[in-house]
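J.: could you work out the structure for the sequence below:
(2 chains)
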Amino acid sequence: MKEAERPVEVLLIEDNPDDATLAIRALKEFMTNEIVWLKDGEEAMNFLFGKEKYKGRDISVKPKVILLDLKMPKVDGTELLQILRMDNLTKNIPVVVMTSSKEDADLKKCYDYGVNSYVVKPIDFGQFIKAARQISMYWLLVNEPPNLD
Amino acid sequence: MKKLILLSLLIHALNVSQAEDTKLIIPASQQIAQCEVKQATVSGPNSLGGYFTSLFETDNWPARWNCGNWSETDGWITIISDSLIFTAYLSIPLLLLFFLSKRKEIQYKRFLVLFSLFILLCGFTHLTEVIIFWDPVYRFAGFLKLLTGIVSWVTVIALAQAAPFALTFYRKESYDKVEEEKSNLENQLDLFIKYTPGAMAMFDTEMCYIKASGQWYKDYGLEDDITGKSHYEVFPSLLEMPEWLDYHQRSMNGEIIKEEEYAYYNPDGSKTYIKYEIRPWYKDNKTIGGIIISTENVTDLVLSRKKIESSEKRFRELLESTPEAMLILDESLTIEINNREATNLFKRSKKELIGKPLESLFSKNIDKLEKQLKKFFGKKPLTKTTYVVEDIYGQTKSGETFPVEIVLGPIHTEGKTLVAASISDISEKKKLEKERLEINKMLEEQVGVRTFELRKVNQELESFTYSVSHDLRAPLRAISGFASALEDELKALEPETKLYLERIIYNASKMGTLIDDLLTFSRLTRKQNELEVVNTKELIEEIIRNNDDFPDEKIEIGKIPDVYGDKSMLEVVFGNLISNAVKYSSKNAEQHISISGELSGSNAIITIVDNGIGFDMKYASKLFGVFQRLHTEAEFPGTGIGLALCKKIIDRHQGKILIESEINKGTKVTLTLKTE
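T.: Numbers count the residues shown, from 1 in each chain, chains lettered A, B, ... in the order given. The predicted structure is shown next:
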């Protein structure tokens, strides 16, 4: 199975490699599911809508949850969220914002755009792992996505 | 009287005829026997003078007793009857004369005199008839009868002449009616005099009262009847007032003297004003019978007029002393009154203002002024005191214009409305206003520039804090994360190595908390208050419920009033204070924290009391400084920002925060916040 063909469970959109590494490490401890890490909003859009280097990817294969950082180069988290929510293809994918920002403005914007969860990244690694696991578990295992087919 | 006359005439006629009859019945034989005359021949008087000198001549006739056959009876009956008639005829004129002497006023005296003479003469004719029985004075009797005849006819003629006049004589009934009418008239006149509102008195030539009206008595406080009394007896003080004596005298001579307003002082010192008129009255068309004085007390009228005059004077003075130019306009919008200031302002004399229309005084927007002025007149006039007319220009005589502001106000006088216009030259004001506007504009520009700069700085600060929040935490997370990962990967670690890794993780975490607190602090500094009524008790309970580190069972929450403030900020305050209370009392086995509140006027006083370790009050001044701590990190972890934050928030709520503490006893925090 080619990388692009495999079913994606978790899509991690994060520009900070440290945070990404730590998140992947935390997630892998309890799941074997496929985790795809993308560096910024633009790449995420290409991936989800099958453009540029992801041309030809079966876009009907949708991730079960998107973990989204807010502050990113090119297309940032809130912009990406807005785009995803406006497109029929992606509007039902659960999005969890994981960010360092505690700013009310960010929080409000994300909820306005229809975010499913908003998590402030704790500095404490233990807590970080805890948070990452809880969120992913919920969206992967508990949540029943609407059957669109 | 008429009857009386007729009756006497009749009696006389009868008497005459009787006398003749008596003569006729004398028997002829007796007549012949006794009719002896002294003279054989009949001699008559030769001339009129002879007739009168021999008036009592008796020689030609015999006495009646001797002539004819007189029985004693016949003779004496005749004699007695004639005597009776004579005495009666003598008595009647006497009675009439007596009557006349008593009733001097009686009219038609000459008739009565004439009638008396006629009766008297008739009486004497009868007397001669008696005398003739003894003394034959026939000549005299004839003469007397002639006289009587003449007088009788004179009386007849007089009566005939007087007949039409006599017909107008009143009967007693009509006389009574006239009398009654007269009395009625007198009565009415008396009533009229009594009740006429004018004080009037009528005097005779001696200045004695003939009549005085009721009002006269009332006005001069007279109680007793003064009719007949002298004016100077009633008012002795007049004798010392030569002017009045003079007036009375002059009026007696036909002059009419009057005065509209005469003042005199009353005994109590008050002044009385009267209006008087003294005029003569005439008995007939020529003769002055006395004078009539009429007076009217006009004190009230005079006083009220004087009051009006003085208030008018005051009004004028006020108008003149007003520093504003004033014009008073009538309904035709012409100037009725102006003050000195107005002549100065418009550089026109009073003459050039009074009676002049508005157009000559103003330029630009006159129609607006006129429209406003007209509102004060008409059927539904404005009654509000003032209206300001702006943007209008005054004009001097030479045509110079100047901006003015006019304040209009109605003046309601009796039956007339006027409008007072107060006019102020606002040239200076306008100039200042223009300057002020320029300065304002300049300032506004400056403020705009500053605001823009500030906004820019603020934006920069915001993006800075955002970066801090996001970017500073990321490396810390990485440090903490990879240290944990390392600890995880390297299973068997020297205890020291493990400790070092833990120190790395702890410090990274501590740095994170510091950043968070600093961010909150800076965010609150920038944040606008969103004020509302906050259910404090609910807020505190929520804070405690949401924080796992707070031991619910050891925190007692009493009655807490609602406060007026920013909920999110208050959440930070209570969160920090409860956190402190919990933290510093955590080492006490019997940890107890109590939160309660009460109302004090429009303030809520909320206290948070713990039984923790407390602190020395000498360090109290350091409590609210940023990064100031009274305990070591090892004793109690903390960043030293919490109370500084609380203080800042409470200050922004115009509240108070007071902390009292005693070492090892505990700390009491008292907050005072507004409830509305």
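J.: low-confidence ranges in chain A?
T.: The model of chain A has pLDDT under 70 over residues A:1-8, A:30-33, A:102, A:141-149.
J.: now with 90?
T.: Scanning chain A for pLDDT under 90 picks out the ranges A:1-12, A:14-80, A:82-149.
J.: how about the stretch 351-500 of chain B?
T.: Where the stretch 351-500 of chain B drops to pLDDT under 90, the residues are B:351-430, B:433, B:454-500.
J.: what does it put close to chain A?
T.: With C-beta under 8 Å from any C-beta of the partner chain as the criterion, the stretch 351-500 of chain B meets chain A at residues B:466, B:469-471, B:473-478, B:480-485. Yep, even glycine has a C-beta here, placed from its N, CA and C like the rest.
J.: buried set for stretch B:109-118?
T.: Of all the residues in stretch B:109-118, those buried under the rule 16 or more other C-beta atoms under 10 Å in any protein chain shown are B:Phe111, B:Leu112, B:Leu114, B:Phe115, B:Ser116, B:Leu117, B:Phe118.
J.: spell out which residues of chain B are next to chain A.
T.: Neighbours of chain A within chain B, by C-beta under 8 Å from any C-beta: B:466, B:469-471, B:473-478, B:480-485, B:505, B:508-509, B:511-512, B:516, B:519, B:523.
J.: secondary structure element holding A:Leu19?
T.: That one is not Leu; residue A:19 is Asp. If you go by DSSP states H and E, A:Asp19 is part of helix A:17-28.
J.: would you list the phi and psi of A:Val120?
T.: The phi/psi pair for A:Val120 (degrees, to the nearest 10) reads phi -90, psi 130.
J.: would you agree it is in contact with A:Ser100?
T.: Yes: with contacts defined as C-beta atoms under 8 Å, A:Val120 counts as touching A:Ser100 at a distance of 7.1 Å.
J.: which one of those two has more residues nearby?
T.: Just comparing A:Val120 and A:Ser100: by other C-beta atoms under 10 Å in any protein chain shown the higher neighbour count belongs to A:Ser100, 27 against 17.
J.: so how far is A:Asp106 from the residue nearest the centre of chain B?
T.: The structure's chain B has its C-alpha centroid closest to B:Ser304; by C-alpha atoms, centre = their mean the separation is 10.7 Å. In this structure, B:Ser304 and A:Asp106 are separated by 86 Å, where distance is defined by C-beta to C-beta, to the nearest Å.
J.: what about B:Ala420, which SS state?
T.: Using DSSP: H, G, I helix; E, B strand; the rest coil as the criterion, the local structure at B:Ala420 reads strand.
J.: give me the beta-bridge partners of it?
T.: B:Ile328, B:Gly409 (DSSP bridges).
J.: list the contacts for it?
T.: Residues in contact with B:Ala420 (C-beta atoms under 8 Å, 6 or more residues apart in numbering or on different chains) are B:Met326, B:Leu327, B:Ile328, B:Leu408, B:Gly409, B:Pro410, B:Ile411.
J.: next one: B:Ile292
T.: The contact partners of B:Ile292, by C-beta under 8 Å, 6+ apart, come to B:Met200, B:Ala201, B:Met202, B:Phe203, B:Ile278, B:Arg279, B:Pro280, B:Trp281.
J.: in the strand or helix carrying it, what's buried?
T.: According to DSSP H and E, B:Ile292 maps onto strand B:288-297. Burial within strand B:288-297, assessed by neighbour count using 16+ other C-beta under 10 Å, is assigned to B:Gly289, B:Gly290, B:Ile291, B:Ile292, B:Ile293, B:Ser294, B:Thr295, B:Glu296, B:Asn297.
J.: list the strands paired with that strand, with their directions.
T.: When pairing is defined by DSSP bridges, strand B:288-297 lines up against strand B:199-203 (antiparallel), strand B:271-282 (antiparallel).
J.: who in chain A is up against chain B?
T.: Looking at chain B, the residues of chain A close enough under C-beta under 8 Å from any C-beta are A:16, A:18-19, A:21-22, A:25, A:70-71, A:99-103, A:121-126, A:128.
J.: coming back round to it: what's whichever helix or strand comes after the helix holding A:Asp19 packed up against?
T.: Using DSSP H and E, the next helix or strand after helix A:17-28 towards the C-terminus is strand A:35-38. When contacts are defined as 3 or more C-beta pairs under 8 Å, 6 or more residues apart in numbering or on different chains; DSSP states H and E, strand A:35-38 sits against strand A:10-13, helix A:17-28, helix A:41-49.
J.: how about a cut-off of 6 Å?
T.: strand A:10-13, helix A:17-28 (3 or more C-beta pairs under 6 Å, 6 or more residues apart in numbering or on different chains; DSSP states H and E).
J.: for B:Leu120, pull up the helix or strand it's in.
T.: helix B:109-132.
J.: equivalent analysis for B:Thr87, please.
T.: Assigning secondary structure by DSSP H and E places B:Thr87 in helix B:72-102.
J.: pLDDT weak spots in the stretch 551-676 of chain B?
T.: Low-confidence segments of the stretch 551-676 of chain B, defined by pLDDT under 90, are located at B:551-557, B:565-572, B:576, B:580, B:583-591, B:600-602, B:612-649, B:651-654, B:661-665, B:675-676.
J.: and B:Asn576, how far from chain A?
T.: B:Asn576 sits 16 Å away from chain A, taking C-beta to the nearest C-beta, to the nearest Å as the criterion.
J.: count of residues packed around the residue nearest to that residue when sequence neighbours are not counted?
T.: Among residues not flanking B:Asn576 along the chain, B:Gly642 sits closest, at 4.1 Å (C-beta to C-beta, 6 or more residues apart in numbering or on different chains). A count of neighbours around B:Gly642, defined by other C-beta under 10 Å, yields 23.
J.: now B:Leu353
T.: Residues lying near B:Leu353 (other C-beta under 10 Å) number 20.
J.: so what pLDDT did the nearest residue to it once chain neighbours are set aside get?
T.: Setting aside the residues directly before and after it, B:Leu353 is nearest to B:Asn338 in space (C-beta to C-beta, 6+ apart), at 4.7 Å. Listed pLDDT for B:Asn338 reads 86.
J.: now do B:Leu120
T.: Predicted confidence (pLDDT) at B:Leu120: the value is 91.
J.: what residues does stretch A:75-87 touch?
T.: Contact partners of stretch A:75-87, identified using C-beta atoms under 6 Å, 6 or more residues apart in numbering or on different chains, comprise A:Gly41, A:Glu42, A:Ala44, A:Leu68, A:Asp69, A:Leu70, A:Thr90, A:Lys91, A:Val95, A:Lys109, A:Tyr113, A:Gly114.
J.: ignore the last one, stretch B:278-286
T.: For stretch B:278-286, contacts defined as C-beta under 6 Å, 6+ apart pick out B:Tyr247, B:Ser251, B:Gly254, B:Ile256, B:Ile257, B:Ile288, B:Gly289, B:Gly290, B:Ile291, B:Ile292, B:Ile293.
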